[in-house]
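>>> Sequence plus the predicted model coming up.
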Amino acid sequence: MKLRILDNSLRLRLTQSEVKTLASTGRVAATTSFGPGVALGYVLEASRNVAETIARFDGGHVTVSVPEQVVREWSESAQVGIEKEQQVGEGRVLTVLVEKDFKCLHGAASRVEADAFPNPNA
């Protein structure tokens with residue numbers, strides 16, 4: 001799972017196997033280590049406890065929760081992404097995107113590319 005943060009947007013991109021794991025187990029997770037005992041964890045979960053997609057940050061962990069039904073429909077369709085704007089206070093909005101990761105059209109194939117979705121523009 002790739003995590004991209006740009007200003008007030010949070011974007012998670014999943015390979016084919018990660019989408020299958022999310023659909024079957026309800027969860028995918030990854031960690032980026034910055035040194036001994038210092039890491040940023042991020043989790044994408046299918047949840048029956050949320051009515052809409054929501055992102056939270058707590059204790060060095062980003063958790064994005066998406067309603068189970070939304071995950072099921074997305075994982076079984078050609079739909080590329082799930083997008084939600086989340087009010088974060090003081091008139092600010094966090095844009096949360098969950099997307100299927102497509103193979104790049106340029107550059108050499110990598111380990112991650114092998115499991116990416118076929119690019120519709122190829």
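Looks like it came in fine.

>>> in what helix or strand does V71 lie?
helix 68-75 (DSSP states H and E).

>>> May I see the buried residues of that helix?
Applying a neighbour-count criterion of 16 or more other Cβ atoms under 10 Å, one finds E68, V70, V71, W74, S75 buried in helix 68-75. All C-beta atoms are positioned from the backbone trio N, CA, C, and that covers glycine.

>>> now, among those residues, which is nearest to V96?
V70 (12.0 Å; Cβ to Cβ).

>>> if we can go back for a sec, so which of the buried residues of helix 68-75 would you say is closest to G37?
V71 (32.2 Å).

>>> That closest one and F34: what is the separation?
To F34, V71 is 30 Å away according to Cβ to Cβ, to the nearest Å.

>>> Ok, L12 next?
19 Å.

>>> Compare these two (neighbour count), which wins?
L12 (25 against 9; other Cβ atoms under 10 Å).

>>> I'd say the more buried one and S65 touch.
No - between L12 and S65 there is no contact under Cβ atoms under 8 Å: 11.7 Å.

>>> Just want the angle from the helix ranked longest in the chain to helix 68-75.
The longest helix of the chain (DSSP state H) is helix 16-25. Interaxial angle of helix 16-25 relative to helix 68-75 (axes from the mean of the first three to the mean of the last three Cα atoms, to 10 degrees): 150 degrees.

>>> what about helix 16-25, average pLDDT?
Taken as a whole, helix 16-25 carries a mean pLDDT of 97.
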